[in-house]
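*Asks:* I'd like to go over a predicted model; first the sequence, then the structure.
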Amino acid sequence: MNKVICPNCHATTLPWRYCANCNAPIDIPLNNELAKQTEAVRCGMDPHLHWLVRRVQSQKISKLATASTKADWATVIAKVTDLQAFKSLDDVEIKTVINPVSEKDEEPKDPTWLVTARMPVSIVEEVRKKDFIRSLKAGMRMRPTLEKSLEASGAKDTAVEIEGNCNDATGEDGKGVIVGIVDFGMDFMHRNFRDSNGKTRILALWDQSATADSEHMQPLEFGFDYGRLYTKSDINNAIAAAAKVKDQSDVEKVCAAAYKALGYGPPEDTIFQVGAHGTYVADVAVGNGNGTGVSGFASNADIVFVELSTHPGPLLNNSFGDSAQLVEAIKFIFKFADDLNRPCVINLSVGTNGGPHNGTTLVEEAIDRMLREKKNRAVVVAAGNSFKRDLHVSGQIVEGETLDLKWSISKNDSTPNELEVWYPPDDRITVEVIDPFNISWGKVAPGWQIDLSDKCQGLLSVVNRLDEPNSGKNTINVFFENELHPGDWTLRLHCTKAKKGEETRFHAWIERDEMGQSCFVAMKPEQSECAKSHYKIDDSFTLNSIACGNKSIVVGSYDARTPGNKLGDSTSSGPSLNEHHSEKPDVSAPGELVLAAQSRTLVLRNRVAGTSLAAPVVTGIVASMLSVASKELSAERIREILIDTSQKDDPDLNHWHPRYGHGRVSKSDAVEAARGQKS
């Protein structure tokens with residue numbers, strides 16, 4: 001029996017009723033045989049697209065349909081030099097376009113358009129060859145940056161969540177501002193998101209995972225033809241339906257009636273899963289305390305929520321959508337705010353581990369472009385939770401020498417695994433893959449790619465790409481299917497050319513995988529770091545892959561309940577490799593064991609931790625700044641104010657710190673600074 005690619009978690013699984021990995025619905029019978037080993041070929045496109053094409057075409061693994069894609073279609077982000085030529089391609093469905101934007105008020109000298117689209121996997125390779133395609137990237141599955149969730153607690157539990165200076169009720173607390181939340185699981189029934197009359201504060205809720213219907217289609221001006229758009233009126237009607245339940249003390253029945261009436265509701269929080277990551281995030285940013293008695297940071301702001309999902313999956317981290325959907329969500333929220341002529345700040349508590357970490361991903365470029373388009377816009381990004389996870393190494397290889405990277409795959413790992421190596425464009429590295437039995441599977445030279453199968457039970461893809469078009473760097477990508485043998489694999493890096501005949505310096509990242517995380521293994525003791533060729537497992541450069549852009553605000557996490565405001569154990573570390581903005585994160589905020597609204601209740605809260613909760617603190621503060629600012633603020637100016645007014649009362653904060661950033665954010669000082677801006 002052949003396998004399919006789960007549309008929810010992207011693992012391969014038998015075509016049973018539910019995915020064996022994440023339990024998402026799957027019910028498609030297939031009977032094709034797996035492909036056998038293929039020969040090395042020249043690589044000419046994004047490694048992730050190559051992996052998808054090979055899985056579908058060579059392995060005959062079907063890519064199932066989602067709310068936004070047809071079966072065996074790919075989600076892509078493209079950078080094109082001729083928009084009309086791209087639009088004229090057959091079987092290509094364009095979803096949104098980000099126009100060229102110059103830093104100054106002048107026409108861009110080399111204009112390009114960023115486009116999100118859907119196309120059949122079968123035409124991806126031909127489309128990539130078009131001369132007007134500067135870059136074509138696969139949609140990357142986004143993951144939430146939540147570290148953990150602990151016990152639920154009642155409204156009267158008022159444990160110190162944030163330092164007093166951050167929580168001063170200054171300004172208008174976001175009045176007149178739209179706060180966009182791109183996440184999953186929004187409990188619109190929770191009283192923290194309703195006004196004193198019980199009406200919703202949510203202006204719009206776009207559920208990207210839902211099957212489109214004629215009643216909830218988006219208006220044509222938004223340009224998206226998938227999912228369902230629920231208006232404020234729709235949500236209020238659902239709340240009214242819940243009010244008809246006879247026993248209002250039965251919270252479960254009351255909430256269930258509302259979810260049924262609307263056709264949308266968050267999964268339940270249990271001791272085994274986090275049902276509504278977006279509920280936590282939204283409460284910290286904009287909750288008004290009507291249910292819990294404790295408000296968030298912009299309690300008077302209005303809310304636009306986008307459910308970033310392909311499936312309403314039951315488990316944390318298995319229901320998130322991809323990077324193309326993320327760009328579409330941001331575009332939708334900014335367009336919605338523009339139509340109302342309102343300031344807007346968007347919270348992104350999502351991300352991945354891979355990428356060049358220099359701000360050149362197409363998602364980061366899209367965010368930068370949209371923030372350049374006009375003032376009174378901001379995007380806040382969580383730094384990530386990859387510290388002390390053994391997911392990053394840095395090192396150097398002398399020309400003519402080799403270096404072994406050790407990659408450990410757990411025997412209980414039921415998911416695919418992915419590793420990336422990035423190195424300078426003038427250098428050359430050949431990669432050799434050696435299995436746990438010390439058997440070499442072959443070498444892949446720069447500019448080549450190969451797909452290897454283990455007796456038709458698994459697929460190993462190696463792409464050694466030169467001149468990645470956005471970063472300008474070379475990259476080696478290795479993809480493991482879950483059937484391959486567990487143990488310590490070796491990537492033997494052969495440096496065949498280094499600039500000036502010296503050494504090439506590289507960075508490598510392992511992609512985040514909550515259901516079966518692989519990791520790097522340290523060098524043996526006899527391999528001294530004083531050797532000419534060496535590497536070390538390094539917690540620096542572990543930022544979320546979309547947290548290295550030029551104009552976004554990146555937030556680290558600390559524990560405000562501890563003496564000295566101890567950093568969160570897992571909050572990721574900078575710097576980035578962005579030569580213009582290497583000092584990321586920008587600021588830090590409380591994010592450890594914060595109390596936030598629990599889904600599927602009217603009043604309860606959960607303790608949650610991670611940069612997912614630190615980012616919305618800053619999002620709420622930015623909304624409060626925008627509500628009182630005496631003039632329009634650019635994204636750069638908003639970030640400058642946050643940095644300039646941050647608390648630096650610790651020796652570590654006398655200068656930029658790779659995890660605290662420039663300091664601990666201060667709401668009262670930032671709001672007053674925004675209020676005092678001169679016209």
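*Replies:* It's in. What you see is a predicted model, and the numbers here were worked out from it, not measured in a lab. Numbering: from 1, shown residues only.
*Asks:* next secondary structure after the helix or strand of the chain with the lowest mean pLDDT?
*Replies:* Scoring the helices and strands of the chain by mean pLDDT, DSSP states H and E places strand 148-153 at the bottom, with a mean of 37. Using DSSP states H and E, the next helix or strand after strand 148-153 towards the C-terminus is strand 178-183.
*Asks:* hmm, who's touching that following strand?
*Replies:* For strand 178-183, contacts defined as Cβ atoms under 8 Å, 6 or more residues apart in numbering pick out 144, 203, 277-278, 281-282, 285-286, 298, 301-308, 326, 329-330, 333-334, 336-337, 340, 342-350, 616, 619-620, 623. Using the backbone N, CA and C atoms, a C-beta is placed for each residue, glycine as well.
*Asks:* among the residues you listed, which ones are in helices?
*Replies:* Judged by DSSP state H, the subset of the contacts of strand 178-183 located in helices is 277-278, 281-282, 285-286, 326, 329-330, 333-334, 336-337, 616, 619-620, 623.
*Asks:* roughly how far apart are the residue lying closest to Pro111 once chain neighbours are set aside and Met119?
*Replies:* Residue nearest to Pro111 in three dimensions, not counting chain neighbours: Pro100, with 3.9 Å by Cβ to Cβ, 6 or more residues apart in numbering. Pro100 sits 22 Å away from Met119, going by Cβ to Cβ, to the nearest Å.
*Asks:* neighbour count for these two, which is higher?
*Replies:* For Pro100 versus Met119, neighbours defined as other Cβ atoms under 10 Å are more numerous around Met119 (23 against 15).
*Asks:* which strand or helix spans that one?
*Replies:* Going by DSSP H and E, Met119 is part of strand 113-120.
*Asks:* right, and the helix or strand after that strand?
*Replies:* Counting by DSSP H and E, the element after strand 113-120 in chain order, helix or strand, is helix 124-128.
*Asks:* show me the shaky parts of the stretch 551-679 of the chain.
*Replies:* Across the stretch 551-679 of the chain, the ranges flagged by pLDDT under 70 are 595, 602-610, 649-653, 678-679.
*Asks:* can you give me the strands in it?
*Replies:* 553-558, 587-590, 594-597, 605-609 (DSSP state E, counting those that start in this stretch).
*Asks:* so what secondary structure elements neighbour the first one?
*Replies:* Packing contacts for strand 553-558, counted by 3 or more Cβ pairs under 8 Å, 6 or more residues apart in numbering; DSSP states H and E, involve strand 377-382, strand 587-590, helix 611-628, helix 635-644.
*Asks:* need the ones you listed in a markdown table with mean neighbour count and distance to Met370, can you?
*Replies:* As requested, the helices and strands packed on strand 553-558 are exported to a markdown table (neighbours: other Cβ atoms under 10 Å; distance: least, Cβ to Cβ, whole Å):
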| stretch | mean neighbour count | distance to Met370 |
| --- | --- | --- |
| strand 377-382 | 30 | 7 |
| strand 587-590 | 30 | 21 |
| helix 611-628 | 32 | 15 |
| helix 635-644 | 20 | 9 |
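*Asks:* the ones you listed: which one's closest to Ala138?
*Replies:* Closest approach to Ala138 among those (Cβ to Cβ): strand 377-382, 20.7 Å.
*Asks:* which other helices and strands does the next helix or strand after the closest one contact?
*Replies:* Later in the chain than strand 377-382, the nearest helix or strand by DSSP H and E is strand 392-398. On a contact count with 3+ Cβ pairs under 8 Å, 6+ apart, strand 392-398 meets strand 402-409, strand 487-497, strand 503-510, strand 534-537.
*Asks:* so what strands line up beside the longest one?
*Replies:* So the one you mean is strand 487-497. If you go by DSSP bridges, strand 487-497 pairs up with strand 402-409 (antiparallel), strand 428-434 (antiparallel).
*Asks:* give me the buried positions along it.
*Replies:* Neighbour counts over strand 487-497 (16 or more other Cβ atoms under 10 Å) mark Trp489, Thr490, Leu491, Leu493, His494, Cys495 as buried.
*Asks:* is it correct that the first one is in contact with Val433?
*Replies:* Yes. The pair Trp489 and Val433 passes the contact test of Cβ atoms under 8 Å, sitting 7.0 Å apart.
*Asks:* Ser461: neighbour count?
*Replies:* 28.
*Asks:* cool, the one 3 residues further on as well?
*Replies:* Asn464 has 25 neighbours, counted by other Cβ under 10 Å.
*Asks:* can you list contacts of the one helix or strand it maps to?
*Replies:* Remark: Asn464 resides in strand 459-465, with elements defined by DSSP H and E. With Cβ under 8 Å, 6+ apart as the test, strand 459-465 has contacts from 43, 47, 50-51, 54-55, 58-59, 429-431, 433, 441, 444-454, 474-481, 484.
*Asks:* same question, stretch 367-376
*Replies:* Stretch 367-376 is contacted from outside by 98-103, 114, 330-331, 334, 338, 343-344, 359, 377-379, 546, 549-552, 626, 632-635, using Cβ under 8 Å, 6+ apart.
*Asks:* drop anything exposed from the residues you listed.
*Replies:* Buried, going by 16+ other Cβ under 10 Å: 98, 114, 330-331, 334, 343-344, 359, 377-379, 546, 549-552, 626, 633-635, out of the contacts of stretch 367-376.
*Asks:* and the pLDDT at the most centrally placed residue in the chain?
*Replies:* For the chain, the residue nearest the mean C-alpha position is Gly351 (2.1 Å; Cα atoms, centre = their mean). Gly351 is assigned 88 on the pLDDT scale.
*Asks:* and if you look at Arg54?
*Replies:* For Arg54, the predicted pLDDT is 82.
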